[in-house]
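give me a model of this one.
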Amino acid sequence: MKIKKGDNVLVIAGKDRGRKGKVIRALPEEEKIVVEGMNIRKKHMKARKAGEKGQVMELPSPFSVSSAKIICGKCGKGVRVGYKVEAGKKSRVCKKCGAEL
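Next up is the predicted model:
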């Protein structure tokens, strides 16, 4: 999976198409990511203590990694990712401008 935690991404499909956000969790075994403020779902929480009220929380849920592109720091666009190996070290590079991600 080419997208990792901490990357800035552009959503290219779904109800949040065109929005940008930061990856807060990556799930490589499921090929999914969680982006802050995207794909929001409501979760009803029961009251834990006596006298406390239950609440409805809004949480970001995972979506497919194929629905997002990494935003390049140099060109500022949503780009595909390539790999480059130099001196035994593998790094991710932008396919448009060649900058390291």
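
wasn't residue 66 part of a strand?
No. Under DSSP: H, G, I helix; E, B strand; the rest coil, residue 66 falls outside any strand and is assigned helix.

what is the burial count for it?
11 (other C-beta atoms under 10 Å). To be clear about C-beta, it is placed using only N, CA and C from the backbone, and glycine gets the same treatment.

from residue 20, how far off is it?
Between residue 66 and residue 20 the computed distance is 17 Å (C-beta to C-beta, to the nearest Å).

cool, and residue 61?
In terms of C-beta to C-beta, residue 61 sits 18 Å off from residue 20.

got it, and residue 79?
13 Å.

which one's more surrounded, residue 61 and residue 20?
It is residue 20, of residue 61 and residue 20, that has more neighbours when counted by other C-beta under 10 Å, with 15 against 12.

residues contacting the more buried one?
Taking C-beta atoms under 8 Å, 6 or more residues apart in numbering, we find residue 20 in contact with 8, 9, 10, 11, 71.

run through the bridge partners of it.
residue 10 (DSSP bridges).

and the pLDDT at it?
Looking at residue 20, its pLDDT stands at 96.

got any ranges where the protein has weak pLDDT?
Within the chain, no stretch has pLDDT under 70.

list the contacts for residue 47?
Per C-beta under 8 Å, 6+ apart, neighbours of residue 47: 53, 54.

hmm, I typed the wrong one, I wanted residue 61.
Residue 61 neighbours (C-beta under 8 Å, 6+ apart): 34, 39, 40, 41.

closest to residue 56 among these?
Of all the contacts of residue 61, residue 41 has the smallest distance to residue 56: 10.6 Å, by C-beta to C-beta.
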